[in-house]
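Q: any chance you could fold what I've pasted below:
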Amino acid sequence: MEEWKLCIVDVNASGLRCWRCSSDATTSKFCGETLDLSEISEHQKRWSYVECDKKTPQYTGKNKNLIPKCRILLQNVDDVPTYTRSCFYEEEHVPSDSCANQKYEPSFVKTVSCYTCTEDGCNDKLVRRPAETAVNTLTF
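A: Take a look at the predicted model:
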């Protein structure tokens, strides 16, 4: 008796999709603390909402078990708050704010916060913890 195996391939399946933009770019004013989709053209949306590569980039060094995640990064660049959204590769089970601990920035750049997430478009707004909100409220 012949044995048949069925393999189903979903050609519509895609990888993680993240927002990619930086608030310091002249054409990306929509890329602030929260994405302002009323300020984004269809062309910008096609360019800024991207599918992360499923293959881990070569520059990640020794870490072989990395997965794609969406990242939102808030940095002060020459004392100007700058929001950057992108695909990011990190270990699967690390805390969502562990990307804030990376130390490879020049002296004029200070990382304020960094968060990663694993659902499509989840880097559309900066998630603040209650302690951060309280500190920010006190400093204004």
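Q: which pLDDT does the model give P130?
A: With respect to pLDDT, P130 has a value of 47.
Q: next one: K103
A: Model confidence at K103 (pLDDT) stands at 72.
Q: tell me how many other residues surround it.
A: 5 (other C-beta atoms under 10 Å). Where you see a C-beta, it was placed from the backbone N, CA and C, and this is true even at glycine.
Q: do V109 as well
A: By other C-beta under 10 Å, the residues close to V109 number 12.
Q: now do C87
A: 21.
Q: which parts of the helix or strand harbouring it are buried?
A: Element membership for C87, per DSSP states H and E: strand 80-91. Using 16 or more other C-beta atoms under 10 Å as the burial criterion, the residues of strand 80-91 that qualify are T82, Y83, T84, R85, S86, C87, F88, Y89, E90.
Q: again with stretch 21-39
A: C21, S23, D24, S28, F30, C31, G32, L35.
Q: okay, now the sheet partners of the strand holding C87, with direction.
A: Strand 80-91 sits in its sheet next to strand 21-22 (antiparallel), strand 66-77 (antiparallel), going by DSSP bridges.
Q: show me the shaky parts of the chain.
A: The model of the chain has pLDDT under 70 over residues 1-14, 58-64, 128-140.
Q: same thing but 50
A: Residues of the chain meeting the criterion pLDDT under 50: 4-13, 130-140.
Q: on that earlier part again, which of the buried residues of strand 80-91 lies closest to I72?
A: Proximity of the buried residues of strand 80-91 to I72 (C-beta to C-beta) peaks at R85, which lies at 5.2 Å.
Q: gap between the closest one and L74?
A: 10 Å (C-beta to C-beta, to the nearest Å).
Q: sorry, back to before: and the strands paired with strand 80-91 as a markdown table, adding distance to C99?
A: Below are the strands paired with strand 80-91 laid out as a markdown table (distance: least, C-beta to C-beta, whole Å):
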| stretch | distance to C99 |
| --- | --- |
| strand 21-22 | 16 |
| strand 66-77 | 6 |
